[in-house]
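> Here's a sequence, model it:
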Amino acid sequence: MTASAPARLAIIGAGAWGTALALAAGRTRVPPVTTIWAYEAEVADSINREHINPPFLPGVVLPATLAATTNLAEAVREAVTILLAVPAQHLREISQRIAPHLARGTVLVLCAKGIEVGTGRLMTEVLAETTPGVTAAVLSGPTFAAEVAAGKPTAVTLACADEERGRELVSMLGSAALRPYLSDDVIGAQIGGAVKNVIAIACGIVEGRRLGDNARAALMTRGLAEIMRLGTALGGKRETLMGLSGLGDLALTCNGIQSRNMSLGVALGRGKPLGEVLGSRRSVAEGVATAAAVQALAEKHGVDMPIVGAVDAIVHHGADITRTIAAVLERPFRSEA
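Got it, this is the predicted structure:
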């Protein structure tokens, strides 16, 4: 990649996060030629004609050089790197659709945080099935899209098993505002990013019930223990789970009302039905679907995850919140280790 020949970058998903990543890419030393794929025609038209994305990133002016399309094949054509910023539960469909159009040597970067419901597959495992032979990387960490879009300092984990490709991605995406830290632990980066969304729903419920800061801090800490138990059981590294894509992401998501998952939990804690909360939103709270997938993985691998189990019971099985909280608090005392 040289200044005279900028790379071609495709971003699949024109939600808040995908649009913010397009802005971040434009701040790099050698900005790539970027195309963003939007599911909604009105979003693509707004980006192309008015250089804004009001439904997902209101109040932010986008570069006139950013091209949007609703044609997946057109979006990925000749792209050397593709950022997949679609919701986790749609990844399989989208990756199957782009597979025939991928150029040789294309790198796919996973930017969504979740685990596939029904199969229990990590996002890299989904790509291995749908786009075999393609290099996959994971971009994860404490990121609110609005702050990344505004150019505020942000640090992330960029995990890739291929170190050379990983370093190329760091050079392509990194800037003074967005600082990627390279890792080879794609499993740990995915588990940290996925499970923290479930813990954030629990923290939101605590906030909605006004149970106090002590309770939320305890949930975060014990939630981190659950993340580390599952992550290491699946082959992730403890240092990854204690880093940006684990502890860092958990701290942000469980402390900021900007978090879709925490704010959903707050609404549930205040008595709103899940269907009403989801129906009022355009953006996806990944933790809802992920709760079921993580609970199934925990049971499969014999990992104790009571907080995840409680959230799954509430959002998928109609469990009463007051009784569920009481059941968690009445668990036997145990060693912290």
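
> Pull the residues that contact stretch 285-294.
By C-beta atoms under 8 Å, 6 or more residues apart in numbering, the residues outside stretch 285-294 that reach it are 87-89, 112-118, 120, 194-195, 197-198, 200-201, 230, 260-261, 264, 274, 278, 305, 308, 311-312, 315-316. For glycine as for every other residue, the C-beta is placed from the backbone atoms N, C-alpha and C.

> now do stretch 176-189
24, 27, 122, 124, 136-140, 148, 151-161, 163, 166-167, 169-170, 173-174, 231, 234-237, 240-241, 243-246.

> hmm, back to that, from the contacts of stretch 285-294, keep the buried residues only.
Buried by 16 or more other C-beta atoms under 10 Å: 87-89, 112-117, 120, 194-195, 197-198, 200-201, 230, 260-261, 264, 274, 305, 308, 311-312, 315, out of these.

> Burial check on residue 31, number of neighbours?
Neighbour count of residue 31, defined by other C-beta atoms under 10 Å: 17.

> My error: substitute residue 245 in the last question.
Neighbours of residue 245 (other C-beta under 10 Å): 31.

> distance of residue 282 from residue 145?
Distance of residue 282 to residue 145, computed by C-beta to C-beta, to the nearest Å: 13 Å.

> let me fix that: residue 96
For residue 96 relative to residue 145 (C-beta to C-beta), the value is 26 Å.

> who has more neighbours, these two?
More neighbours surround residue 145 than the other of residue 96 and residue 145, with 23 against 13 (other C-beta under 10 Å).

> domains of the protein?
For the chain, automatic domain parsing gives the domain ranges 8-184, 187-329.

> Tell me if residue 83 really is in a helix.
No: according to DSSP: H, G, I helix; E, B strand; the rest coil, residue 83 belongs to no helix; its state is strand.

> what about the stretch 201-337 of the chain, any weak spots by pLDDT?
Along the stretch 201-337 of the chain, segments meeting pLDDT under 70 are nowhere present.

> all helices for it, in order.
Secondary structure of the stretch 201-337 of the chain (DSSP state H, counting those that start in this stretch): helices at 213-233, 238-241, 249-253, 260-269, 274-279, 286-301, 306-317, 321-329.

> For the third one, which helices and strands make contact with it?
To tie it back to what came earlier, the one meant is helix 249-253. Judged by 3 or more C-beta pairs under 8 Å, 6 or more residues apart in numbering; DSSP states H and E, helix 249-253 is in contact with helix 186-208, helix 213-233.

> next one: that helix to chain centre, how far?
12 Å (C-alpha atoms, centre = their mean, to the nearest Å).

> Check which residues of that helix are buried.
Buried-residue list, helix 249-253, by 16+ other C-beta under 10 Å: 249, 250, 252, 253.

> The last one against residue 195, yeah?
Put plainly, it is residue 253. No: if you go by C-beta atoms under 8 Å, residue 253 and residue 195 don't touch, sitting 10.5 Å apart.

> Helices of the stretch 51-200 of the chain, residue ranges please.
Counting by DSSP H, counting those that start in this stretch, the helices of the stretch 51-200 of the chain are 72-76, 91-98, 123-130, 145-149, 163-173, 186-208.

> Now render those helices as CSV, adding distance to residue 31.
Compiled in CSV, the helices of the stretch 51-200 of the chain are given as follows (distance: least, C-beta to C-beta, whole Å):
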stretch, distance to residue 31
helix 72-76, 17
helix 91-98, 23
helix 123-130, 26
helix 145-149, 15
helix 163-173, 10
helix 186-208, 25
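
> out of the contacts of stretch 176-189, which are buried?
24, 27, 122, 124, 136-140, 148, 151, 154, 156-161, 166, 169-170, 173-174, 231, 236-237, 240-241, 243-246.

> picking up where we left off before, and of the buried residues of helix 249-253, the nearest to residue 32?
For the buried residues of helix 249-253, the closest approach to residue 32 (C-beta to C-beta) belongs to residue 249, at 25.3 Å.

> Buried by neighbour count: which residues of stretch 170-180 qualify?
Buried, per 16+ other C-beta under 10 Å, within stretch 170-180: 170, 172, 173, 174, 175, 177, 178, 179, 180.

> From residue 12, how far off is the last one?
Here residue 180 is placed at a distance of 19 Å from residue 12 (C-beta to C-beta).

> again with the fourth one
In this structure, residue 174 and residue 12 are 21 Å apart, going by C-beta to C-beta.

> I'd assumed residue 204 was in contact with residue 264.
Yes: using C-beta under 8 Å as the test, residue 264 is close enough to residue 204 to be in contact (6.2 Å).

> mind listing what residue 249 touches?
113, 140, 141, 142, 143, 192, 193, 196.

> how much space between the residue nearest to residue 183 when sequence neighbours are not counted and residue 254?
What sits nearest to residue 183 in space, not counting adjacent residues and going by C-beta to C-beta, 6 or more residues apart in numbering, is residue 159, at 4.3 Å. Plainly put, residue 159 is 22 Å away from residue 254 if you go by C-beta to C-beta.

> again with residue 172
Note on residue 172: its distance to residue 254, by C-beta to C-beta, is 31 Å.
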